[in-house]
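Colleague: only the shape, not the letters, is given here:
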C-alpha cells in the first residue's frame, strides 16, 4: 500500500465529463489499495476568465481581492470532484489551501510556500477518505489572508503535499503522455522519455517546456519527491523525474542506466530582445544598465555585448527578457539614458529561443557543432547564443522557431517512429 499524490490540471477537469473521468481514475487508485491525495486546478480556462472579469471591473485589481477571486476556481473543481467520487461510493473530502495547511509568505499573486502542516489531511486519510486539495493557493499566518502561488501553483501544491506527507510518488497529470523530447505540438515526431533527471527537467522547464513547472521540479529535487508525469487520458506509464540518488519504483523500467547526450529540445516564444545601442565602452557601464533593469523588477535571461567600434569607442549590449516585462525595462532605461550615456534603444518582440538540453553534454564533444550545422543547412540565422554545463540556447526569428526545433530534433536523432499523441491540445 502506497500513499500517492495526484495532480490534475485545468484541461483534465475542463467539464463535467472530464471530472467524472478523473474521479474514476482516482477511485481506481483507491481500489488498488493506495491512499490518495489529489491537488486540482481550476476547470479549463476558469482562471483566465476570472482575470478578464477582474480587468473589466477594475483596471488595476487590488492584489488581495484578486487572490480571493482567483482562488475560487480551484474551490469549485475540488468540490465537484469530491461529489463525483461520492457518487461512486467512496468517501472524499475537499479542502482549501488554508484548510490543507499550505502556509505561504504574504506576496499576493506569487506567494512562496514556507511550511505545510497537513494535519486535517492526515486525519482524513487515517479515516479512509480520499483527500482533494485546491491547488494554487495558500494562507499567510501574519496577515491571515488567502494567497495564490502564481504560474504552476497547482504543480507546486502537489509536490509540497507529497513532501509533507512523505508520499511514495507525486503523479502530475496533463493531456500528454509524459515528458517528450520536444513539444509534440511543435515537433510531431517527438518521443516520450521514460526517465529524465531533475537537473535536465529544470533546464527544459526554464527554457520553455510547459508540461512541468520549474518551481515544482525544484521543490521536488530539494525535498526528494519522485515525480511521475502522466496523461489523464491514457493509463500507460509516463515519465519519471529522478532527483539525485533516486531510483525507479519497483517493477518500472527505464533508460536511466546512462545519461543521454541530448534529452530534449525546448522552445520559447514568450521572450523579447532589447538592444542598448551606442553604450560608452568603459568599465561600469554594463553594471549601470543592469542595475537599472534590476530595480525595474524585470528578469534578464540572455546577454550579448558586441565588440567595441574603434572609431567611436562605443558598443551595443543586447539582452532577452519576458515580453510581459519589456515595457517596464524600456521605461526604466529611457529614464536613465542621459546618465548612462547610450544613444538609443531597440525593442524586438518577434524572437524565439531554442534550447538543447542533456546531461551527457558534459562528457561528449560535438554537440554545439551539430546544432549550428543543422540550423545553417536550413538557412536559419542565429542572433544570440547562451550556454550552461548541460544546455545550449540560441535566439532565432520567431517565425523560424518551429522549423528550427524540427531540424535540430532530427539532427540529434531524437525523432520517433510515429507522431506523438496530444489528447486535448493545451499541454496542461
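Modeller: Yep, it's here. Model, not experiment: these values are computed from the prediction. Numbers count the residues shown, from 1 in each chain.
Colleague: and the residue nearest to residue 306 when sequence neighbours are not counted, how many neighbours?
Modeller: Setting aside the residues directly before and after it, residue 306 is nearest to residue 316 in space (C-beta to C-beta, 6 or more residues apart in numbering), at 4.6 Å. Bear in mind the C-beta positions are built from the backbone N, C-alpha and C, glycine included. One way to gauge burial is a neighbour count; for residue 316, by other C-beta atoms under 10 Å, it gives 20.
Colleague: mind listing what residue 316 touches?
Modeller: Shown in contact with residue 316 (C-beta atoms under 8 Å, 6 or more residues apart in numbering): 275-279, 305-306.
Colleague: okay, and it sits in which element?
Modeller: Mapping residue 316 onto the secondary structure by DSSP states H and E places it in strand 314-322.
Colleague: got the buried residues for that strand?
Modeller: For strand 314-322, the buried set under the neighbour-count rule, 16 or more other C-beta atoms under 10 Å, comprises 314-321.
Colleague: of all those residues, which comes closest to residue 195?
Modeller: residue 320 (30.7 Å; C-beta to C-beta).
Colleague: ramachandran coordinates for the residue sitting nearest the centre point of the chain?
Modeller: Within the chain, one residue has its C-alpha closest to the average C-alpha position: by C-alpha atoms, centre = their mean, that is residue 213, at 2.2 Å. The phi and psi values for residue 213, taken as degrees, to the nearest 10, are phi -90, psi 150.
Colleague: what subset of the contacts of residue 316 is buried?
Modeller: By the neighbour-count criterion of 16+ other C-beta under 10 Å, the contacts of residue 316 include these buried positions: 275-276, 278-279.
Colleague: tabulate the buried residues of strand 314-322 (TSV), appending pLDDT.
Modeller: As requested, the buried residues of strand 314-322 are exported to TSV (pLDDT from 0 to 100):
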residue	pLDDT
314	94
315	94
316	95
317	96
318	96
319	97
320	97
321	96
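Colleague: which of those sits closest to residue 97?
Modeller: Using C-beta to C-beta, residue 321 is the member of the buried residues of strand 314-322 that lies nearest residue 97, at 30.5 Å.
Colleague: show me the contacts for the closest one.
Modeller: If a contact means C-beta under 8 Å, 6+ apart, then residue 321 has 271-272, 274, 293, 298-301, 329 as its contacts.
Colleague: narrow those residues to those in helices?
Modeller: In this view, the contacts of residue 321 that belong to helices under DSSP state H are 293, 329.
Colleague: can you name the two of the contacts of residue 321 that sit furthest apart?
Modeller: Of all pairs drawn from these, the one with the largest separation by C-beta to C-beta is 271 and 293; the distance is 14.2 Å.
Colleague: ok so, going back, could you dump the buried residues of strand 314-322 to JSON lines with distance to residue 148?
Modeller: As requested, these are arranged in JSON lines below (distance: C-beta to C-beta, whole Å):
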{"residue": "314", "distance to residue 148": "45"}
{"residue": "315", "distance to residue 148": "42"}
{"residue": "316", "distance to residue 148": "40"}
{"residue": "317", "distance to residue 148": "36"}
{"residue": "318", "distance to residue 148": "34"}
{"residue": "319", "distance to residue 148": "29"}
{"residue": "320", "distance to residue 148": "27"}
{"residue": "321", "distance to residue 148": "23"}
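Colleague: nearest to residue 187 among the residues you listed?
Modeller: Once C-beta to C-beta is applied, the member of the buried residues of strand 314-322 that ends up nearest residue 187 is residue 320, at 22.1 Å.
Colleague: the closest one contacts residue 302, correct?
Modeller: Yes - here residue 320 reaches residue 302: they are 4.6 Å apart, a contact under C-beta atoms under 8 Å.
Colleague: shared neighbours, these two?
Modeller: When C-beta under 8 Å, 6+ apart defines a contact, the residues bordering residue 320 and residue 302 alike are 353, 384, 395.
Colleague: and the helices in the stretch 251-400 of the chain, which stretches?
Modeller: Counting by DSSP state H, counting those that start in this stretch, the stretch 251-400 of the chain forms helices over residues 285-296, 323-335, 337-340, 367-377, given from the N-terminal end onward.
Colleague: right, and the ones you listed - which one's nearest residue 179?
Modeller: Taking C-beta to C-beta as the measure, these were each checked against residue 179, and helix 367-377 came out nearest at 20.1 Å.
Colleague: coming back round to it: taking the contacts of residue 321, please make a PyMOL selection of just the buried ones.
Modeller: Here is the PyMOL command that selects the buried residues among the contacts of residue 321 (16+ other C-beta under 10 Å):
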select buried, resi 271+272+274+293+298+300+301+329
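Colleague: can I get the contacts of residue 321 in TSV with pLDDT and distance to residue 196?
Modeller: Compiled in TSV, the contacts of residue 321 are given as follows (pLDDT from 0 to 100; distance: C-beta to C-beta, whole Å):
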residue	pLDDT	distance to residue 196
271	96	23
272	97	29
274	97	33
293	96	33
298	94	30
299	94	25
300	95	27
301	93	22
329	96	33
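Colleague: closest one of the contacts of residue 321 to residue 104?
Modeller: Distances from residue 104 to the contacts of residue 321, taken by C-beta to C-beta, are shortest for residue 299, at 20.7 Å.
Colleague: from memory that closest one sits against residue 323, does it?
Modeller: No - with contact defined as C-beta under 8 Å, residue 299 and residue 323 do not form a contacting pair (11.8 Å).
Colleague: coming back round to it: got the shared contacts of residue 320 and residue 302 as JSON lines, with pLDDT columns?
Modeller: JSON lines is the format used below for the shared contacts of residue 320 and residue 302 (pLDDT from 0 to 100):
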{"residue": "353", "pLDDT": "97"}
{"residue": "384", "pLDDT": "95"}
{"residue": "395", "pLDDT": "97"}
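Colleague: out of those residues, which is nearest to residue 246?
Modeller: Sorting the shared contacts of residue 320 and residue 302 by how near they are to residue 246, with C-beta to C-beta, puts residue 353 at the top with 29.3 Å.
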